[in-house]
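Undergrad: sequence and predicted structure below; questions after.
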Amino acid sequence: MFRYFISLFALFVVVESFSQTQKTDTIITKNDSIVYKSTYGIRVGIDISKPIKAAVDGSYSGIEFVGDYRVSKRMFIAAEIGFEEETTQEDYTNSTAKGTYVRAGFNFNAYENWLDMNNEIFVGYRYGLSFFEQTLNSFTPNVNNTYFPANPIIVNETANVNAHWSEFMVGFKVETFKNFFVSASVSYKVMMSVKEPDNFKTLFSPGFNRIFESGTGFGFNYTLSYLIPFSKK
């Protein structure tokens, strides 16, 4: 009887030891199997700040489509393409610029996401190129005469011009719903070259915005986009 008890106790110890080992392996296996992969694909969208600006500013109209493609955990190839038209009223001139533009470059995500989150705080660079018409609608001679003020002269002269620039930006993207993103960014632009008309200065370039005397400019984007997933890595 005593030997039977000893044998039963020994069997219980062996079974319990095996059970504990199996539980440990299961926990380790489960822990090792929890790997959160990032979604890779093409994200396309639209900049809604331009229709909003057009609604409140009668001298402006424009539309811009945006897109990016994830090439690594933090790096994205990005591009924007659009059309803008704006009439600029200065002290002595009234001119209209309208045409198309494209910007291409990259975004680097500096934000460390938790688990399966897919948000971004990014810095980026773009090379910009625009082709547009610059029309001098009218100008007023700079005559300082109180009794006989100068009247605007209607000319409507149009020139085909282009512009090239570099653009540095910072912004964020937030996944509000599954694969749906809201994004905002600001950019600092440096004009590389612009073809000027013969008889007046280019004051506005589509895609660049207002061109200041320093050859610099600023931009703002507020976009809604959707991610078309291809794979997870």
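TA: Received the coordinates, thanks.

Undergrad: C-alpha only now, for contacts and for neighbours.
TA: Fine.

Undergrad: name the nearest residue to residue 81, sequence neighbours excluded.
TA: Nearest residue to residue 81 in three dimensions, chain neighbours excluded: residue 102, at 4.4 Å (Cα to Cα, 6 or more residues apart in numbering).

Undergrad: please disregard the earlier target; I meant residue 197.
TA: residue 159 (6.0 Å).

Undergrad: just give me the neighbour total for the one you found.
TA: Other residues lying near residue 159 total 18 when counted by other Cα atoms under 10 Å.

Undergrad: what sits against it?
TA: Going by Cα atoms under 8 Å, 6 or more residues apart in numbering, residue 159 touches 133-135, 197.

Undergrad: residue 210 versus residue 176, what's the distance?
TA: According to Cα to Cα, to the nearest Å, residue 176 and residue 210 sit 33 Å apart.

Undergrad: neighbour count winner among those two?
TA: residue 210 (18 against 11).

Undergrad: verify the stated contact: the more buried one with residue 203.
TA: Yes - distance between residue 210 and residue 203: 6.0 Å, which falls inside the contact criterion (Cα atoms under 8 Å).

Undergrad: what about the helices in this structure?
TA: Ranges of helices in the chain, per DSSP state H, are 2-33, 49-56.

Undergrad: lowest average pLDDT across these?
TA: Mean pLDDT per stretch puts helix 2-33 lowest among the helices of the chain, at a mean of 40.

Undergrad: so which of the contacts of residue 159 is the closest to residue 215?
TA: Nearest to residue 215 out of these is residue 197 (Cα to Cα; 16.1 Å).

Undergrad: check contacts around the closest one.
TA: 134, 159-161.

Undergrad: show me where this protein has strands.
TA: With DSSP state E, the ranges of strands along the chain come out as 39-47, 60-70, 75-89, 93-109, 120-139, 153-177, 180-194, 204-205, 209-210, 216-232.

Undergrad: pick the most buried one from those.
TA: Each of these was scored by mean neighbour count; the highest is strand 204-205, a mean of 26, by mean count of other Cα atoms under 10 Å.

Undergrad: just how off-centre is that one within its chain?
TA: Mean-position distance between strand 204-205 and its chain equals 20 Å (Cα atoms, centre = their mean, to the nearest Å).

Undergrad: give me the distance between the residue nearest to residue 197 and residue 131.
TA: Counting by Cα to Cα, the gap from residue 159 to residue 131 is 11 Å.

Undergrad: what does residue 152 give?
TA: Remark: distance between residue 152 and residue 131 (Cα to Cα) = 28 Å.

Undergrad: any weak-confidence spans in this structure?
TA: When residues are selected by pLDDT under 70, those of the chain lie in 1-36, 143-150.

Undergrad: circling back to that earlier point, distance to residue 71 added to the contacts of residue 159, as CSV?
TA: CSV is the format used below for the contacts of residue 159 (distance: Cα to Cα, whole Å):
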residue, distance to residue 71
133, 36
134, 38
135, 42
197, 41
